[in-house]
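**Student:** turn this into a structure:
(one chain, ligands or ions: 2)
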Amino acid sequence: MSPATETDGLLRASGIRKSFGDREVLAGVDLSLAAHEVVALIGASGSGKSTLLRCLGLLEPIDDGQIFLGDEDISDPRVDGNRVRARLGAVFQSFNLFPHLSVLDNVTLASRVVHRMPRSQAEARAVELLARVGLADKAKEHPDRLSGGQQQRVAIARAIATDPEVLLLDEITSALDPELVGEVLELVRDLAAEGATILMATHEMAFARDVADRVVFLDAGTIVEQGPPSAVLRHPREERTRAFLARFT
Ligand code: ADP
Ligand code: MG
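**Tutor:** Numbers count the residues shown, from 1 in each chain. Ligands and ions are numbered 1, 2, ... in the order given. The predicted structure is shown next:
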């Protein structure tokens, strides 16, 4: 799939700026995702990946720029952030499951509360989703009884329970023991194959190479280089990209 342009994306961000105090973390980022596109966001720790994902997900206010989801300007200060966030699915490095709720209740909460889905319907859907992430037998458990990989699969089931238009995944395997990374990446690979639109910050270069349609390299809050994985990861044009990738070989 060719990179999205400014006008044809499902999610389109332009000129995104964000500072914390006098530190500029995003220095004018333009990034679009086409429907069904899988984009891997790579870059050193501190380059602004999480901040960008948080800004796109309306979890952090931007200082300047515009974000469109479909034909709605979601960066308009007048938009109802909760309504927009309900159209997106976000998963983070730390699983952020509600510890006092069962796995089933974690997965149904947004459907019931935000989308006002009847409990029976939300639970039927959650049971299906848990089966699909391989955790049908864990519905009644509390998160602390699960491995990190299982918890992250629950977090993904929770994120997709409301049929989000875009999935924002922030280093979702970084906190996992190495032997648990594969099961979570496998699930992301399935979602991608089924046509999900995904923006994922990741340090899993092999996964980015195999699954992403496009790789975007962020450095110091600026997109330095982007393109198909085969180009960016194997034949980077920019010195900064080469220096970053050299750490993974
Ligand atoms: P990455 O995800 O690529 O590691 P981040 O977006 O987390 O990068 O961070 C980019 C920079 O922004 C870092 O210097 C970080 O310390 C800073 N930063 C991120 N969030 C905050 C915050 N809430 N307050 C102050 N500084 C922040
Ligand atoms: Mg981060």
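**Student:** residue 25 belongs to a strand?
**Tutor:** Yes - Residue 25: assigned to a strand according to DSSP: H, G, I helix; E, B strand; the rest coil.
**Student:** pretty sure it sits against residue 19.
**Tutor:** Yes - if you go by Cβ atoms under 8 Å, residue 25 and residue 19 touch, sitting 6.3 Å apart. The C-beta positions use only the backbone N, C-alpha and C, and glycine is treated the same way.
**Student:** who's more crowded, those two?
**Tutor:** Taking other Cβ atoms under 10 Å, residue 25 and residue 19 do not tie; residue 25 has more neighbours (20 against 14).
**Student:** what residues does this structure have near ligand 2?
**Tutor:** 49, 50 (Cβ under 5 Å from the ion).
**Student:** now with 6 Å?
**Tutor:** 49, 50, 170, 171, 201 (Cβ under 6 Å from the ion).
**Student:** can you redo those residues as JSON lines with neighbour count, secondary structure and pLDDT?
**Tutor:** What follows is these, written out as JSON lines (neighbours: other Cβ atoms under 10 Å; DSSP: H, G, I helix; E, B strand; the rest coil; pLDDT from 0 to 100):
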{"residue": "49", "neighbour count": "23", "secondary structure": "helix", "pLDDT": "98"}
{"residue": "50", "neighbour count": "19", "secondary structure": "helix", "pLDDT": "98"}
{"residue": "170", "neighbour count": "21", "secondary structure": "strand", "pLDDT": "97"}
{"residue": "171", "neighbour count": "20", "secondary structure": "coil", "pLDDT": "96"}
{"residue": "201", "neighbour count": "25", "secondary structure": "strand", "pLDDT": "98"}
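**Student:** which of the residues you listed sits closest to residue 34?
**Tutor:** Nearest to residue 34, judged by Cβ to Cβ, of those is residue 201 at 18.4 Å.
**Student:** one step back: filter the residues of the chain next to ligand 2 down to the ones close to ligand 1.
**Tutor:** For ligand 1, the contacts drawn from the residues of the chain next to ligand 2 by Cβ under 6 Å from any ligand atom are 49, 50.
**Student:** who does residue 215 bridge with?
**Tutor:** residue 40, residue 227 (DSSP bridges).
**Student:** and it, what does it touch?
**Tutor:** For residue 215, the contacting residues are 39, 40, 42, 208, 209, 226, 227, 228, 229, 232, 233, by Cβ atoms under 8 Å, 6 or more residues apart in numbering.
**Student:** which one of these is nearest residue 87?
**Tutor:** The closest of the contacts of residue 215, once distances to residue 87 are taken by Cβ to Cβ, is residue 39, at 17.8 Å.
**Student:** residue 211 is in contact with the closest one, correct?
**Tutor:** No - the pair residue 39 / residue 211 is not scored as a contact, 10.4 Å apart, by Cβ under 8 Å.
**Student:** give me the number of residues near residue 181?
**Tutor:** 18.
**Student:** separation between the nearest residue to it once chain neighbours are set aside and residue 65?
**Tutor:** Nearest residue to residue 181 in three dimensions, chain neighbours excluded: residue 173, at 4.4 Å (Cβ to Cβ, 6 or more residues apart in numbering). From residue 173 across to residue 65, the span is 29 Å (Cβ to Cβ, to the nearest Å).
**Student:** okay, the two: which has more neighbours?
**Tutor:** Comparing residue 173 with residue 65 by neighbour count (other Cβ under 10 Å), the higher total belongs to residue 173, at 24 against 17.
**Student:** that one falls within a helix, correct?
**Tutor:** No - counting by three-state DSSP, residue 173 falls outside a helix, being coil.
**Student:** next one: it from ligand 1, what distance?
**Tutor:** 14 Å (Cβ to the nearest ligand atom, to the nearest Å).
**Student:** so what's residue 103 up against?
**Tutor:** Going by Cβ under 8 Å, 6+ apart, the list of residues near residue 103 reads 97, 130, 135, 138, 139, 140, 141, 142, 143, 146, 154.
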